[in-house]
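[1] let me see the structure of the following:
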Amino acid sequence: MKVAPLFHAPQRLLVGDAPLIGVLDLPSSASNQERPPIRLFFPAATTVAPKPCRVKQARYFVNNRVSYVLQGFAHIALARHTTKLYRFLIRPLMWLVSLFFPVRFLKIPDTALVPTKKDVSSPVEYSPLNSSNEIKSQSLIMFSHGLTGTGEENALFCTALAKRGYVVACIHHRDGSSSRVPMPDGTCKFYEHLPNGDDYSPNHRLEQVSYRAKEFLYATKWLLGEERGGDDYDHPILQQIRPKLDKKKVIASGFSYGSTTCSLAATVEPKRFQCAVFLDGWFHVDYSSKGYVYNFPPEAFGEDWPNGANNGNVKSHMIENKDGLTIPSIFINSAQFAGYKQLYAATKTLAKNINAHNKHDTTIPESTLHVIPDTKHQNFCDVGFWLPKVLLRRLGKLLALGDADVLEASERILNLSLKFLKQF
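    Residues are numbered from 1 along each chain as shown. Okay, here's the model as predicted:
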C-alpha cells in the first residue's frame, strides 16, 4: 500500500539541466556596510578534486535559524522585542517551538551548501549550462523579498530558476521592513512598526522603498563587479561566476513589497535591467483614513509623491524620469490581490503604461498580467511546503493560503515566469 507523503514535495518544481544548485550565503560585512546580506543560487556541479568534499544540502533558513526568524515574527505579531514580556516569555517560547517546527528538519532538494568562508573548500563549483567558453553569457536575476520577509520564504522559486540555468541573488533588506535582519556590526534590526494616529506620515513607506531600491541597485553592481569591497568580494565562487555575468541580461524580480522595490530600481536605472518578474506586487497604498491614497511607488507610474510627503516637496528625491517603469514585465497576481479593486487597477495601469511606452518597438515583448485562481498572498511563498498537509488544511486561512493546491499553484507561477523569460 502506497503511503501519501506528509508534506508537499517540491521536486516537481526543480526540473532543469543543472546537476545541482549551489547555495552561497553572504552575510552582512563590516568591511562593506553598503552591501545587504545576499543568498546566491547558481547552477553547479560537484568539484573535481583529489579529496572531494561531502555535499551538504541547503536548508530553507540560513544556518537553519528557525528560532531567529520566529522571534522576528513574534516581535511583529505579539509584543515588541524591547518589552519584558518578549524577553522573558516570548523569546524563550519561540526558541522552544523552533526545536519542533517542521521546517527545521527539511532540506531543499538538489542543492549543495557552499561554505561562507572563502578559505574552506567547496563541495561544488559553478557550472553554467552554456558550456562554451563564451564570456558574458550568464543571466542574473536579482530578487527582493516582501514586507516582514527575509527572502528565505522564496527559496524554492530561486532554486527552481537556478535549476534552469539562471544565477539568482536573493537580497535580505536592512531598512526595517524585514521581520529581523543581521546588521554589519553584529547586532540585528527588527521590523519597524508604522507610527499610529497623528504621527503617521507617508514618508515612512516612500523613504523605506527608496532605501530598498538603493540596496537592490548596489547589490546588483557589486555582483557584476562594478562596486568593490568586503571580505567576501573575492570568494572563489564569485570569482567563477562574475566573468560570465552579462550586464545586458540582468532581470529584476520580487514578491509583494519586493515587486515595489525592483520596480523603483528599474525606473531609476531602466538600462540596468532587461525585464522584470513581479509576484503579487504591492502597487497601491490606501491610507484614506489619513488622507493618503497613491500608486506605489509613484516614480514607477511617472507620478509625484503625494502631498504631505518629502517635507512638502512632491518631487521624488530619487528620479526625475517622468516616463515611469518602461522595461517589459510580467505581473503574476493572487486572486486575493486581484480582488482589491484599487490595487488591481494600479497593477493593470502599470502594465498598460509599459506597453504604451514600447508600442512602436516590435522587438520588445508585451507586458502581461495573470491571476492564479483560488490563491492568496502566501501561495507565492514556500510556507505551503514547510508544514504537513494535515496542518495546512486546518491553518490554511490563518496562513493566507488559498484553496488552490499548493504545488499546482507554485508550478503555474513558475511556468508563467519561465515562459516570459524565454523571450529574452
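[2] from here on, just use CA atoms for contacts and neighbour counts.
    Will do.
[3] residue ranges with poor pLDDT in the stretch 151-300 of the chain?
    Within the stretch 151-300 of the chain, the stretches with pLDDT under 70 are 197-199.
[4] okay, buried residues for the helix or strand containing Gln208 please.
    Using DSSP states H and E, Gln208 sits within helix 203-224. Buried positions in helix 203-224, judged by neighbour count with 16 or more other Cα atoms under 10 Å: 206-207, 209-224.
[5] can you list contacts of that helix?
    With Cα atoms under 8 Å, 6 or more residues apart in numbering as the test, helix 203-224 has contacts from 34-36, 142, 144, 171, 173-177, 194, 227-228, 238, 242, 245, 247, 260-262, 264-265, 297, 309-310, 318.
[6] may I have that helix exported as CSV, CA atoms only?
    Presented in CSV, the C-alpha positions along helix 203-224 are these (Å, rounded to 0.1, in the frame of the first residue of the first chain):
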residue,chain,number,x,y,z
ASN,A,203,7.3,59.4,4.2
HIS,A,204,7.8,56.2,6.0
ARG,A,205,7.0,53.8,3.2
LEU,A,206,8.2,56.1,0.5
GLU,A,207,11.6,56.5,2.1
GLN,A,208,11.7,52.8,3.0
VAL,A,209,11.2,51.6,-0.6
SER,A,210,13.8,54.2,-1.7
TYR,A,211,16.3,52.7,0.7
ARG,A,212,15.4,49.2,-0.5
ALA,A,213,15.8,50.2,-4.2
LYS,A,214,19.3,51.6,-3.4
GLU,A,215,20.3,48.3,-1.7
PHE,A,216,18.9,46.4,-4.7
LEU,A,217,20.9,48.5,-7.2
TYR,A,218,24.1,48.4,-5.1
ALA,A,219,23.9,44.6,-4.7
THR,A,220,23.4,44.3,-8.5
LYS,A,221,26.5,46.4,-9.2
TRP,A,222,28.5,44.5,-6.5
LEU,A,223,27.7,41.2,-8.1
LEU,A,224,28.6,42.5,-11.5
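[7] now that helix, how far from the centre of its chain.
    13 Å (Cα atoms, centre = their mean, to the nearest Å).
[8] for stretch 271-291, same thing?
    14 Å.
[9] contact partners for Thr261?
    Residues near Thr261 by Cα under 8 Å, 6+ apart: Ser144, Val209, Ser210, Arg212, Ala213, Phe216, Gly254.
[10] now for the spatially closest residue to Tyr292 that is not a sequence neighbour: which residues touch it?
    Among residues not flanking Tyr292 along the chain, Asp286 sits closest, at 6.3 Å (Cα to Cα, 6 or more residues apart in numbering). Asp286 makes contacts with Tyr292, Val293, Tyr294, as judged by Cα under 8 Å, 6+ apart.
[11] of the contacts of helix 203-224, just the buried ones, PyMOL syntax please.
    In PyMOL, a selection of the buried entries from the contacts of helix 203-224 looks like this (16+ other Cα under 10 Å):
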select buried, resi 34+35+36+142+144+171+173+174+175+176+177+238+242+245+247+260+261+262+264+265+297+309+310+318
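[12] in helices only, show me the contacts of helix 203-224.
    Assigned to helices by DSSP state H, the following of these qualify: Leu238, Thr260, Thr261, Cys262, Leu264, Ala265.
[13] how about those, which pair is most distant?
    Leu238 and Thr260 (27.7 Å; Cα to Cα).
[14] my read is that Ser121 contacts Pro115, right?
    Yes: Ser121 lies in contact with Pro115 (Cα atoms under 8 Å); the separation is 7.4 Å.
[15] the helices in the protein, which residues?
    Going by DSSP H, the chain shows helices at 66-77, 84-85, 91-98, 155-163, 203-224, 236-241, 257-268, 335-338, 341-357, 383-386, 389-395, 406-421.
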